[in-house]
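Participant: got a predicted model here, sequence first, then my questions.
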Amino acid sequence: MPKVSAKRQITIPIEQCKSLGIEPGDIVESFVVDGQLTIVKKVYGAAKGLLSHVQLNSSMTDEESMQSSLN
């Protein structure tokens, strides 16, 4: 079972790395949801096109845009 080092580092077991395709030098992201730590391998281009449906409105200021997204 992995331990947290004094530098707060965690070693991921090799079997888990192999099953997820995680290699040395890969970038991962970690976040906490409902008290659970989740580690996700970043995949280049995974979000490509995610906002392609958003229409540009150049007449709107940054502040107006921010306010409209909060409503």
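Facilitator: Structure's in. What do you need? Numbering: from 1, shown residues only.

Participant: going by C-alpha atoms from here, please, whenever you check contacts or count neighbours.
Facilitator: OK.

Participant: just the helices from the chain, written as ranges.
Facilitator: Shown for the chain, the helices assigned by DSSP state H span residues 14-20, 62-70.

Participant: turn these into TSV, including distance to Ala6 and mean pLDDT.
Facilitator: Converted to TSV, those look like this (distance: least, C-alpha to C-alpha, whole Å; pLDDT from 0 to 100):
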stretch	distance to Ala6	mean pLDDT
helix 14-20	21	93
helix 62-70	41	84
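
Participant: using TSV, lay out the ones you listed together with mean neighbour count and distance to Val43.
Facilitator: Listed next are the helices of the chain as TSV, based on neighbours: other C-alpha atoms under 10 Å; distance: least, C-alpha to C-alpha, whole Å:
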stretch	mean neighbour count	distance to Val43
helix 14-20	10	11
helix 62-70	9	27
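
Participant: helix or strand with the lowest mean pLDDT in this structure?
Facilitator: Ranking every helix and strand in the chain by mean pLDDT, DSSP states H and E puts helix 62-70 at the bottom, with a mean of 84.

Participant: roughly how far is that helix from the heart of the chain?
Facilitator: Between the centre of helix 62-70 and the centre of its host chain there is 24 Å, according to C-alpha atoms, centre = their mean, to the nearest Å.

Participant: just the CA trace of that helix, in CSV.
Facilitator: C-alpha atoms of helix 62-70 as CSV (Å, rounded to 0.1, in the frame of the first residue of the first chain):
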residue,chain,number,x,y,z
ASP,A,62,-15.6,41.0,-19.7
GLU,A,63,-17.6,42.1,-16.6
GLU,A,64,-21.0,41.7,-18.5
SER,A,65,-19.9,38.3,-19.7
MET,A,66,-18.9,37.2,-16.2
GLN,A,67,-22.3,38.4,-14.8
SER,A,68,-24.3,36.7,-17.5
SER,A,69,-22.5,33.4,-16.8
LEU,A,70,-23.4,33.6,-13.1
